[in-house]
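Engineer: Next comes the sequence, and after it the predicted model I'd like to discuss.
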Amino acid sequence: MKEARLMQGNEACAEGAIAAGVNFFAGYPITPSTEIAESMAKLLPKNGGKFIQMEDEIAAMGAILGASLAGSKVMDATSGPGFSLKQELIGYAACAEIPCVVVNVQRVGPSTGQPTAPSQGDVMQVRWGTHGDHPMIALSPWSVRETFDATIMAVNYAERFRTPVILLMDEIVGHLREKVVLPEDNEIVVYPRRKPKKTRAEGYQPFAPDEDLVPNTANFGDGYHIHVTGLIHDETGFPVGSPKVTEESIRRLHEKISRVGEEIIHTYEYFMEDAEYAVVSFGGTARTAYEAVRAARAEGKKVGLLRLMTVWPFADKAIARLAAKVKGIIVAELNYGQIIGEVERAAQGKCQVLLCAKYNMQTFEPPEIRAAIEKMINGGKKS
Amino acid sequence: MEMAERSYEKFFRQHRLPHMWCPGCGNGIAMKAIVMAIEKHPELTADNTVIVSGIGCSSRASGYMDFDTLHTAHGRALPFATGIKMARPDLHVIVITGDGDCTAIGGNHFIHSCRRNIDLTAILFNNSIYGMTGGQTSPMTPMGKKATTTPYGSVARPLDPSALAKAAGATYVARSTAYHVHHLAKMIEQGLNNKGFSFIEAIVQCPTAYGRKNKMGTPADMLAWMRDNAVMKEAWDKLPEEKKQGEKFPIGVFLDSRYVDYATAYNDVIRAAGGEVK
């Protein structure tokens, strides 16, 4: 077994990236994500990879996309303002189907906001921040060890679906130090870069979908002479001004992910057996929610916790099942109220939904979520 | 012209032609100069060369060229190309950009690509205008010239990307024009010799969005303007200052130096970290 290490969430992210086979990282300093870039700058050249600090966040995003097309597994890390800047190229990666992982260690916004102070205010930006229609995968770990695992999962999903994947961290987990035991190398499953199944002579088309609707796009330098563009393109990779191709292409981008359904939607239940009320939370806030729920249980309150590790695609079915089971849901999130809209949509009015929001630079204290639980139990009304 | 002289045509994706540029546009000439230069370098093949472009009229060239090609986002060709070169230093990476793409939205990337001396060969198709969007002023539109967004004439001084490239650390800097097509090909060919950041400005005519607005005549007239105003660097350097006024401009190699390129320099980082240089 590996030795236990005291490690920060951001460091675990870097370690996870290396374990997942990431061999190129481009970044730009921004608190509270900087330790990821710093760790990658140390680790990559030792481990057969390369690190580059670019001139701005957009350039870092461009560099990882170029490196990915040239066959590298790639990652970039930033926080809110940097993430905003990357949006155009995140959309590019979605359209051109370039595997990449972008880490967003959230801090208080809008704008420069409150640097270093924790927030979960980018949940919607992650989903809807770039123009146009495309799906998004975003994972939100709640511990240092889970950050390691979620980073590997993010890299694997990026490669499998050839899509950008967001590791949606928050300052709480990013700067959290915990004792962790990392898995043995042979316990780690790494999804390899997809490879063409045909030669050019056999009529290979770089963007022709495989059975799972994901194309086996060749890497640059492999002799396929492929063309990659952010214009809507057909399976040849070249742009086409056709309504049919546009519709098919946008639909396929969504369906290649939606078709796997629940498989990539990771949710975790705690104290849910006979729960009549439930807290829904994610990331660092879920840690506080867990404490609040545990304390409520100690007093005999029938309350549980549903934690969303996959934030996007949204856990519609898990929320629908929950709403059918409990009398009320409390959504605890460190923002003015973002994911609650999704919970209300998925609950379809089957139960009460109450927002427990906080946006004052500070993390939740367990009594604050406890109070929301009490309010729900006693009042059962929306705040 | 004999067929042998057109052997560079093998580097075009014939099925993607004809191109979408306006009749009389200079971009096709500059694109031809690039493949002529590539042909002079047998170590550059269709399999080991990547063409990266930004957004704009210039940047549609990548789609017509039979290599691995990448049509990126506006202004971002150089960062994408940097990533490709770092990931695969064995690939030859050529960047096609425009005056707006490179010196406005991509200006910061241009400076830092020069500074790193990353081994890319960047060719800027300078048509003095935003052609794709219908003729708006660019940072390289000459003073007094009209564009749809400078209907009364431009009052901002144009940027000289060659001077900027030199100042920022590029190791090869040259300029030529669509009129001087063989000279332009030679400038690019020499740029491909340099293992470092090479920058070549190719002045091209845009009869539709720029020439028409500024009463510059036919495409042939615009080419004749290049012929009449371009001065070879060697002659330019001997000109007295008063003769350098007006529309005259120098063409040729402005800088040809040697300095370690970024991907090679990074091998020192790998060694210092105890890693293995591939």
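Structural biologist: Yep, that arrived. Just so we're clear, the structure is a prediction, and the values are computed from it rather than from any experiment.

Engineer: right, and A:Q53 touches A:M40 too?
Structural biologist: No: counting by Cβ atoms under 8 Å, A:M40 is not a contact partner of A:Q53; they are 10.0 Å apart. Quick note: C-beta positions are derived from backbone N, CA and C, even for glycine.

Engineer: joint contacts of these two?
Structural biologist: Shared contacts of A:Q53 and A:M40, defined by Cβ atoms under 8 Å, 6 or more residues apart in numbering or on different chains, comprise A:G27.

Engineer: quick one, which of those two is more surrounded?
Structural biologist: Counting neighbours by other Cβ atoms under 10 Å in any protein chain shown for A:Q53 and for A:M40 shows that A:M40 has the greater number, 29 against 16.

Engineer: Please tell me I have it right and that one contacts A:F24.
Structural biologist: No: here A:M40 does not reach A:F24: they are 9.4 Å apart, not a contact under Cβ under 8 Å.

Engineer: Find residues that contact each of the two.
Structural biologist: With contacts defined as Cβ under 8 Å, 6+ apart, the residues adjacent to both A:M40 and A:F24 are A:F51, A:M75.

Engineer: how far away is A:G132 from A:Y157?
Structural biologist: Taking Cβ to Cβ, to the nearest Å as the criterion, A:G132 is separated from A:Y157 by 20 Å.

Engineer: quick one, which of these two is more surrounded?
Structural biologist: The neighbour count for A:G132 versus A:Y157, taken as other Cβ under 10 Å, is higher for A:Y157 (22 against 10).

Engineer: Phi first, then psi, for that one.
Structural biologist: Here is the backbone geometry of A:Y157 (degrees, to the nearest 10): phi -60, psi -40.

Engineer: Report the contact partners of it.
Structural biologist: When contacts are counted by Cβ under 8 Å, 6+ apart, A:Y157 touches A:I137, A:T163, A:V165, A:Y191, A:I264.

Engineer: quick one: the second one and A:A93 touch, right?
Structural biologist: Yes: using Cβ under 8 Å, A:T163 is in contact with A:A93, at 7.1 Å.

Engineer: and those two? which has more neighbours close in?
Structural biologist: A:A93 (26 against 23).

Engineer: That one and chain B, how far apart?
Structural biologist: To chain B, A:A93 is 10 Å away according to Cβ to the nearest Cβ, to the nearest Å.

Engineer: which residues of chain A fall in helices?
Structural biologist: With DSSP state H as the criterion, chain A has helices at A:9-19, A:34-46, A:57-69, A:80-96, A:123-128, A:144-161, A:171-174, A:243-258, A:283-298, A:316-325, A:339-347, A:366-379.

Engineer: Determine which stretch of the ones you listed is the most buried.
Structural biologist: Each of these was given a mean neighbour count from mean count of other Cβ atoms under 10 Å in any protein chain shown, and the largest, a mean of 31, is that of helix A:57-69.

Engineer: quick one: that helix to helix A:144-161, angle?
Structural biologist: Our comparison of helix A:57-69 with helix A:144-161, counting by axes from the mean of the first three to the mean of the last three Cα atoms, to 10 degrees, yields an angle of 60 degrees.

Engineer: close to chain B, is helix A:57-69?
Structural biologist: Yes: taking Cβ under 8 Å from any Cβ of the partner chain as the criterion, helix A:57-69 and chain B are in contact, through A:I58, A:A59, A:A60, A:M61, A:G62, A:A63, A:I64, A:L65, A:G66, A:A67, A:S68, A:L69.

Engineer: Could you export that helix as CSV, CA atoms only?
Structural biologist: Extracted C-alpha coordinates of helix A:57-69, given in CSV (Å, rounded to 0.1, in the frame of the first residue of the first chain):
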residue,chain,number,x,y,z
GLU,A,57,-5.6,32.4,-19.9
ILE,A,58,-6.8,32.3,-23.4
ALA,A,59,-3.3,31.4,-24.7
ALA,A,60,-3.1,28.6,-22.1
MET,A,61,-6.4,27.2,-23.4
GLY,A,62,-5.2,27.5,-27.0
ALA,A,63,-1.9,25.7,-26.2
ILE,A,64,-3.6,22.7,-24.5
LEU,A,65,-5.9,22.3,-27.5
GLY,A,66,-2.9,22.4,-29.9
ALA,A,67,-1.1,19.9,-27.8
SER,A,68,-4.1,17.6,-27.5
LEU,A,69,-4.5,17.6,-31.3
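
Engineer: tell me which strands and helices that helix is in contact with?
Structural biologist: Using 3 or more Cβ pairs under 8 Å, 6 or more residues apart in numbering or on different chains; DSSP states H and E as the contact definition, the elements that helix A:57-69 packs against are strand A:24-27, strand A:50-53, strand A:74-78, helix A:80-96, strand A:100-108, helix B:77-87, helix B:107-116.

Engineer: now the angle from it to helix A:34-46?
Structural biologist: When the same axes, to 10 degrees is applied, the directions of helix A:57-69 and helix A:34-46 differ by 30 degrees.

Engineer: Kindly provide the whole-number mean pLDDT of helix A:57-69.
Structural biologist: Here the mean pLDDT over helix A:57-69 is 98, rounded to a whole number.

Engineer: wait, what's in contact with the residue of chain B positioned farthest from its centre?
Structural biologist: Note on chain B: the largest separation between a C-alpha and the mean C-alpha position, by Cα atoms, centre = their mean, falls on B:G274 (38.4 Å). For B:G274, the contacting residues are A:K46, taking Cβ under 8 Å, 6+ apart as the criterion.

Engineer: go on, the one 3 residues further on?
Structural biologist: Contacts were defined as Cβ under 8 Å, 6+ apart; by that measure B:V277 touches B:N267, B:I270, B:R271.

Engineer: give me that answer again for 10 Å
Structural biologist: With contacts defined as Cβ atoms under 10 Å, 6 or more residues apart in numbering or on different chains, B:V277 is in contact with A:P45, A:G48, B:T264, B:Y266, B:N267, B:D268, B:V269, B:I270, B:R271.

Engineer: Tell me the one of the residues you listed nearest A:R370?
Structural biologist: The nearest member of the contacts of B:V277 to A:R370, counting by Cβ to Cβ, is A:P45 at 48.0 Å.

Engineer: Find the residue closest to that closest one in space, skipping its chain neighbours.
Structural biologist: Spatial nearest neighbour of A:P45, chain neighbours left out: B:A273 (3.8 Å); criterion: Cβ to Cβ, 6 or more residues apart in numbering or on different chains.

Engineer: Which pLDDT value goes with that neighbour?
Structural biologist: As summarised for this prediction, B:A273 has a pLDDT of 98.

Engineer: And A:S383, by the same measure?
Structural biologist: pLDDT, A:S383: 42.

Engineer: returning to what we had before: please list only the buried members of the contacts of B:V277.
Structural biologist: The neighbour count (16 or more other Cβ atoms under 10 Å in any protein chain shown) marks A:P45, B:Y266, B:N267, B:V269, B:I270 as buried among the contacts of B:V277.

Engineer: and the residue nearest to B:K278 when sequence neighbours are not counted, what is it in contact with?
Structural biologist: Counting by Cβ to Cβ, 6+ apart, B:K278 lies nearest to A:G48, which is 7.5 Å off, once chain neighbours are set aside. A:G48 is in contact with A:I18, A:G21, A:N23, B:I270, B:G275, B:E276, B:V277, B:K278, counting by Cβ under 10 Å, 6+ apart.

Engineer: In the stretch 1-150 of chain B, mark out all the helices, start to finish.
Structural biologist: Taking DSSP state H, counting those that start in this stretch as the test, the helices found in the stretch 1-150 of chain B are B:27-39, B:77-87, B:99-100, B:107-116.

Engineer: Mind giving me the packing neighbours of the shortest one?
Structural biologist: Translated: helix B:99-100. Contacting helix B:99-100 under the criterion 3 or more Cβ pairs under 10 Å, 6 or more residues apart in numbering or on different chains; DSSP states H and E are the following elements: strand B:121-126, strand B:129-130.
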